[in-house]
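# the sequence and its predicted three-dimensional model are supplied below.
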Amino acid sequence: MNEMKKNKCIKCDVSQCRHNLVTENYCSLDCISVGTHEADPTVPECTDCNSFVKRTGCCD
């Protein structure tokens, strides 16, 4: 089993993501990909974490 390690540079409170450490609200990835679903993003809600992967057994 892979041990997830906190990346102090990537804070994340999305506990539904497989890469989130949950107990510390940090991501375990070395880097993330951020994208948008808008043609002309103007507010934070227009952006997406493209590295998100739904945690197994979560949110059914």
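Great, that's in hand.
# for the spatially most central residue of the chain, what are its contacts?
For the chain, Phe52 is the residue whose C-alpha lies nearest the centre (Cα atoms, centre = their mean; 4.9 Å). Applying Cβ atoms under 8 Å, 6 or more residues apart in numbering to Phe52 gives the contacts 14, 17, 19. Any C-beta I mention is one placed from the backbone N, CA and C, and that applies to glycine too.
# quick one: secondary structure of it?
coil (DSSP: H, G, I helix; E, B strand; the rest coil).
# what pLDDT does it get?
Note on Phe52: pLDDT of 97.
# give me the buried subset of the contacts of Phe52.
Neighbour-count burial (16 or more other Cβ atoms under 10 Å) applied to the contacts of Phe52 gives 17, 19.
# now the contacts of Phe52 in a markdown table, with pLDDT and distance to His37?
Below are these laid out as a markdown table (pLDDT from 0 to 100; distance: Cβ to Cβ, whole Å):
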| residue | pLDDT | distance to His37 |
| --- | --- | --- |
| Val14 | 95 | 16 |
| Cys17 | 97 | 17 |
| His19 | 97 | 20 |
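# now flag whichever of the contacts of Phe52 is closest to Asp40.
Nearest to Asp40 out of those is Val14 (Cβ to Cβ; 24.7 Å).
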